[in-house]
Structure formats: structure tokens, C-alpha cells
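Visitor: Okay, sequence plus prediction incoming.
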Amino acid sequence: MSQENQVSITIPAEALADVFTKMNALSAVLVNYLLFNLTPSDRLEINKMGDKTLAFVQKALEYAENNPSLVPVYLDITEAKKDFALSRDLNNILKQVSTLQRAIEDTMMVSGSEAYNAALVFYNSVKGASRVNVPGSEAVYNDLHQRFAVKLKKTEAK
């Protein structure tokens, strides 16, 4: 029985080197703008601006700029507008990066699945060969079996 092969390509070393060079260049361009490394707790607690709040923030800042008498003295609209612009620009970058990331993940999943399925077919073939004492199969099976073996949970092992 033949397996369906959805992907049959490799990335040439020159293309990989080019990708990493460009990723490093992108990181270098953004290094002064990507300033934080939030903890999981920070991420839960911080107010977030997404697509729905983007319009709200933009409209509120426009109103604040056009109605200075309504702006509290402790609110720096110039800084808020800078924050908004940075967030908007990074959001646009993130959309493109996310699209690329999803394409990378999807292709990696399909190619990985095909490779894993091929390895399982081979493993099961070697397992059967080992059962009937085909020469050389036992050593291969034992090595693969150690790498494939599912570890028992501590509660089950007791």
C-alpha cells in the first residue's frame, strides 16, 4: 500500500542561509523597537489592543486632539499618539509575520507527518521482521523501540 505524498521538496542550503540572513537583518532593524519580554502573568494582566479596540483608540485620540479642553492635564496625548502609531505599525508587521508563520507551520506539519508516517511504516516492518528472526532486524528494532517507547506516568509505574 502506497502512502500519499503531498510534499516532495527540500530547501537548498543557499536559500536557508538567505532566510536566516534576512531574519537576522529584520531583527536588527527592529531591535530598538521591540523592548519588552513580558511574563505570562504580565500578558494576562495588561490591557490589550486588538482589531476591535484599534478603532476606539484611534477615535478617542482624534477627539482628544480636537477637544483639548476635555483632556486631563495628566494625560500626554502626544505620547499616547506615539504609542498608538507604534502599536499600529507593529500590528501590521505582525499580520505579515503571522501569515508567514502559519504557512511555515502548516508545511512543517505536513512534511513532518509524512516523515513520521514513513518512520512508523518502517518501524512496524522491522518489528514484524524481528518477530520472525530476520537477520539484523532485532538490533534495529531494539534501537528504534527505545526511542519510540511511551514512558509510563509515575503513578502508573508504581
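Guide: Okay, I see it. Numbering: from 1, shown residues only.
Visitor: give the contact list for the residue nearest to Leu70 when sequence neighbours are not counted.
Guide: Spatial nearest neighbour of Leu70, excluding adjacent residues (Cβ to Cβ, 6 or more residues apart in numbering): Ala64 at 7.0 Å. For the C-beta atoms, the positions are set from N, CA and C on the backbone; glycine is no exception. By Cβ atoms under 8 Å, 6 or more residues apart in numbering, the contact set of Ala64 is Leu70, Val71, Leu75, Ile77, Ala80.
Visitor: Next one: the fourth one from Thr53, what distance?
Guide: Distance check for Ile77 against Thr53: by Cβ to Cβ, to the nearest Å, it reads 17 Å.
Visitor: now swap in the second one and tell me
Guide: Computed as Cβ to Cβ, the Val71 to Thr53 distance reads 19 Å.
Visitor: Likewise for the first one?
Guide: Applying Cβ to Cβ, the value for Leu70 to Thr53 is 20 Å.
Visitor: of those two, who's got more company?
Guide: When neighbours are counted by other Cβ atoms under 10 Å, Leu70 and Thr53 differ, and Thr53 comes out ahead with 12 against 9.
Visitor: hmm, who's touching stretch 89-102?
Guide: Outside stretch 89-102, the residues that reach it (Cβ under 8 Å, 6+ apart) are Leu30, Tyr33, Leu54.
Visitor: Serialize the contacts of Ala64 to a markdown table and add fields for pLDDT and distance to Tyr116.
Guide: Listed next are the contacts of Ala64 as a markdown table, based on pLDDT from 0 to 100; distance: Cβ to Cβ, whole Å:
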| residue | pLDDT | distance to Tyr116 |
| --- | --- | --- |
| Leu70 | 96 | 61 |
| Val71 | 95 | 59 |
| Leu75 | 96 | 55 |
| Ile77 | 96 | 55 |
| Ala80 | 96 | 50 |
